[in-house]
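Colleague: Quick one, structure for this:
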Amino acid sequence: MFRIDIFYICPFYGFVFIGVKVEFVGRIELHHSYDGRPYHDFISLSKELEPPNVMYDTHRKYNFTFQNIDKVHESYGGKNVSVRYFVRVSVERKFFPPIKAECYFVVQKIQSIPPTVN
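Modeller: A predicted model of the protein is given here:
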């Protein structure tokens with residue numbers, strides 16, 4: 001379970017937004033890409049946390065979770081390629097670009113040591 005906190009500085013004026021969306025992304029980044037695209041998203045899931053609304057309070061909390069996600073790759077950072085997982089939150093606004101924030105995290109698969117053959 002994750003939680004997002006959104007703060008608004010001017011409570012006297014309403015903050016009009018089109019929606020609050022959260023995305024779970026698994027990405028492979030190529031550091032020396034020759035085909036013009038430096039990354040490939042192998043997982044991309046999104047949820048809408050709130051529909052269009054006006055926010056008058058200064059602090060809002062959203063709880064969310066992504067269920068049954070198969071993280072097929074471990075996080076990796078190498079010389080030529082990187083594998084990353086992150087959660088992106090975006091607040092869509094009318095007539096303005098969206099407000100976005102990303103939070104990266106590490107995935108490590110814990111497995112038992114295979115038996116040695118003598």
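
Colleague: Got phi/psi on the residue nearest in space to the middle of the chain?
Modeller: Nearest residue to the geometric centre of the chain (C-alpha atoms, centre = their mean): residue 87, 1.5 Å. Main-chain dihedrals, residue 87, degrees, to the nearest 10: phi -110, psi 130.

Colleague: contacting residues around it?
Modeller: Contact analysis of residue 87 by C-beta atoms under 8 Å, 6 or more residues apart in numbering lists 2, 22-25, 102-103, 105. Every C-beta, even on glycine, is put in place using the N, C-alpha and C of the backbone.

Colleague: tell me the pLDDT at it?
Modeller: pLDDT recorded at residue 87 is 93.

Colleague: Near residue 46, how many other residues are there?
Modeller: 12 (other C-beta atoms under 10 Å).

Colleague: can you count the residues close to the residue nearest to it when sequence neighbours are not counted?
Modeller: Distance criterion C-beta to C-beta, 6 or more residues apart in numbering; nearest residue to residue 46, sequence neighbours excluded, is residue 23 at 4.4 Å. By the measure other C-beta under 10 Å, the count of residues near residue 23 is 18.

Colleague: same check, this time on the one 10 residues further on
Modeller: Using other C-beta under 10 Å, residue 33 has 13 neighbouring residues.

Colleague: what about it, which SS state?
Modeller: Recorded secondary structure, residue 33: coil (DSSP: H, G, I helix; E, B strand; the rest coil).

Colleague: picking that back up, in contact with the residue nearest to residue 46, which residues?
Modeller: Residue 23 makes contact with 44-47, 87-90, according to C-beta under 8 Å, 6+ apart.

Colleague: Touching, residue 89 and residue 101? I think so.
Modeller: Yes: in this structure, residue 89 is within contact of residue 101 by C-beta atoms under 8 Å, at 5.1 Å.

Colleague: So for the two, which sits in the more crowded spot?
Modeller: residue 89 (20 against 11).

Colleague: number of nearby residues for residue 88?
Modeller: That count, for residue 88 with other C-beta under 10 Å as the rule, works out to 15.
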